[in-house]
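Visitor: sequence and predicted structure, then a few things I'm wondering about:
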Amino acid sequence: MATVSQPGSRGGLITALVIFVILFLIAAIFAVKTNSELKVRETELVNYKKQFPTVVLEQEVQSANEQAAKLRAETSTNDSVYSILLRQREELARQITGQNPPNSNKEAIDAAAKTVAAANESLKGAGVTVPGGAMINGIALLADAINVRENRIKDLTTQAAALNEQIKQANDTGKQKADELEKAIAEANKGKEAEAAKGNGYLTDTKTKIDGLEESLKKAVEDGRKASEDLTTQLKTVQAEIEKVKKENDRLVKKIASWRPTNYANAILRQPDGKIIQMGKNNVVYIDLGFGQHVTQGMTFQIYDKLEGIPRLEGAAEDLPPGKGSLEIIRVGPGSSECRIIKMNEGQQAQEGDIIANVIYDKNTQFHFKVYGDFDIDHNGMATAAETDVVKRLIVAWGGALTDAIDIDTDFLVMGKEPVVPNYPKDQLDTDPVKKFEHENALKALKAYDDIRNKALELGIPVLNQNRFLYMIGYWDQGRK
């Protein structure tokens, strides 16, 4: 069994310890140096960030049009993308090489590579290596980006030159067009002057024509004035003749009216139309009027005593004796008609031979009636135009004829209720326009009523007011129903 001597073992342990201490010192020195270099690099990085706060990356450029617009805008300032990249390249080159910037991107890259290689050589003994590959690659990327933008600027410059050429050509074309227009305007002005010369001649001719027309117009106006005066004279002559003829006509009408017997109205009104020929039962009687004598069912007659006859037309309507009573035809037969007695006045009794009369009816002729005004047939105190229509229908239905005029051919004038003029105090008429309007209309209605009645009296035409008319047709009591 071999034995190890203690002195040999102790020497090996010391040797190992010395080596460990040396390695530890080397590691410590290396760590300190590395830490110092790192702080230097961090300080440089901070300084770079301060110096180059703006770095343009490739992906910021979206399209060729946007790049061109941005580059055009940026080239007008000192802080354009191109200037920033160029300053970055020059600064990096200067920091790495300690020299002024090279003239090209390749020189910068080569210089940077040599500087990194020299640094690595000097640090070779310390075991430290400068990471020059990443830095050189960054410089290469920056250089490539600058080359791309320089090429883009060249392209944009070429395009700008082409656009300037097009603008120049457009300006030349515009000037040519302007020259052509000026020439055309000059020609037009010459034509205008020629036309103006012609126009002067035309104006002269036109003025001559206008003067002639004005003269003709003056003559026409003078002739028209003379003709108007002649026509005015003729019109006055005709109007005078019309007035003369009108007066003569009125004279003749009055003369004809004067020839009418004074008892004409009474002669007509007192003429009986028929008589009762037989008495029946239950207020039924028979009259001597039948088929062919223009009587109709519903026609009414007033009954008068056979000895006294029909009374004269005198006094007011209320004073007119109404006769014995009234009857209504209920059936028309051959030669006679069956009638019913509508009403018999107190103390009266119908007998055979009593006469009957209806002022509308005449078996031998047709009477003409002028109906005027509003009527109150139902005796309710209100005269209306609707009840006037009832009167007109009775006249037509019972053989009479209606006329619109009052002349010598009119046989009877039948007048409705006389208009009533409201008696308002004068102060009310002055202050109340409604009452004033009502009062004036009532006065106009009353005047028209009086005028038509006076004209009928002048012509000797019998005038029957509402009451007399209803009595004489036997309709006084029927109107109340």
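Guide: Structure received. Residues are numbered from 1 along each chain as shown.
Visitor: how about the strands in the stretch 351-481 of the chain?
Guide: Using DSSP state E, counting those that start in this stretch, the strands of the stretch 351-481 of the chain run over 355-357, 368-372, 401-402, 412-415, 463-465.
Visitor: what's the weakest-modelled helix or strand in this protein?
Guide: Each helix and strand of the chain was given a mean pLDDT (mean pLDDT, DSSP states H and E); the minimum falls on helix 64-74 at a mean of 51.
Visitor: how is the protein partitioned into domains?
Guide: Annotated domains of the chain cover 32-164, 264-480 [automatic domain parsing].
Visitor: in this protein, which spans are strands?
Guide: Assigned by DSSP state E, the strands in the chain fall at 274-279, 284-287, 300-304, 325-332, 337-344, 355-357, 368-372, 401-402, 412-415, 463-465.
Visitor: helices along the chain, start to end?
Guide: Secondary structure of the chain (DSSP state H): helices located at 6-51, 64-74, 81-97, 105-122, 132-259, 264-269, 385-397, 426-431, 433-458, 466-472.
Visitor: could you give me the average pLDDT of the fifth one?
Guide: The average pLDDT within helix 132-259 is 70.
Visitor: one more: the first one?
Guide: Per-residue pLDDT values over helix 6-51 give a mean of 69.
Visitor: and what of the fourth one?
Guide: The predicted model assigns helix 105-122 a mean pLDDT of 60.
Visitor: how about the third one?
Guide: Average pLDDT, helix 81-97: 54.
Visitor: ok, stretch 418-433 next?
Guide: Computed over stretch 418-433, the average pLDDT equals 90.
Visitor: tell me how far the closest residue to I287 other than its chain neighbours lies from I356.
Guide: Once flanking residues are discounted, I287 sits nearest to G274: 5.0 Å by CB to CB, 6 or more residues apart in numbering. From N, CA and C alone the C-beta is placed, and that goes for glycine too. Relative to I356, G274 is positioned 5 Å away (CB to CB, to the nearest Å).
Visitor: do G11 as well
Guide: Per CB to CB, G11 is found 190 Å from I356.
Visitor: give me the more crowded residue out of the two.
Guide: Taking neighbours as other CB atoms under 10 Å, G11 and I356 compare with I356 leading, 27 against 11.
Visitor: send the alpha carbons of stretch 166-180 over as CSV?
Guide: Output of stretch 166-180 as CSV, limited to C-alpha atoms (Å, rounded to 0.1, in the frame of the first residue of the first chain):
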residue,chain,number,x,y,z
GLN,A,166,-46.6,69.7,-68.6
ILE,A,167,-47.5,72.9,-66.8
LYS,A,168,-45.3,74.8,-69.1
GLN,A,169,-47.0,73.1,-72.1
ALA,A,170,-50.4,73.8,-70.6
ASN,A,171,-49.4,77.5,-70.1
ASP,A,172,-48.2,77.6,-73.7
THR,A,173,-51.5,76.0,-74.9
GLY,A,174,-53.5,78.4,-72.8
LYS,A,175,-51.6,81.4,-74.1
GLN,A,176,-52.2,80.1,-77.6
LYS,A,177,-55.9,79.8,-76.9
ALA,A,178,-56.0,83.3,-75.3
ASP,A,179,-54.3,84.7,-78.4
GLU,A,180,-56.9,82.9,-80.6
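Visitor: hang on, the earlier thing: shared neighbours of G274 and I356, which are they?
Guide: Listed as contacting both G274 and I356 by CB atoms under 8 Å, 6 or more residues apart in numbering are I287, F301.
Visitor: same list, the strands of the stretch 351-481 of the chain, but as TSV with distance to H379 please.
Guide: Shown next, in TSV, are the strands of the stretch 351-481 of the chain (distance: least, CB to CB, whole Å):
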stretch	distance to H379
strand 355-357	22
strand 368-372	18
strand 401-402	24
strand 412-415	16
strand 463-465	14
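Visitor: can I get those strands in TSV including distance to N345 and mean pLDDT?
Guide: Below are the strands of the stretch 351-481 of the chain laid out as TSV (distance: least, CB to CB, whole Å; pLDDT from 0 to 100):
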stretch	distance to N345	mean pLDDT
strand 355-357	15	94
strand 368-372	27	96
strand 401-402	31	96
strand 412-415	23	94
strand 463-465	20	90
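Visitor: now for the ones you listed, which one comes closest to Q348?
Guide: Nearest to Q348, of all the strands of the stretch 351-481 of the chain, is strand 355-357, at 13.7 Å by CB to CB.
Visitor: residues contacting the closest one, please?
Guide: Contacts of strand 355-357 (CB under 8 Å, 6+ apart): 269, 271-276, 287, 301-306, 309-310, 327, 472, 474.
Visitor: drop anything exposed from those.
Guide: Buried by 16 or more other CB atoms under 10 Å: 269, 273-276, 287, 301-305, 310, 327, 472, 474, out of these.
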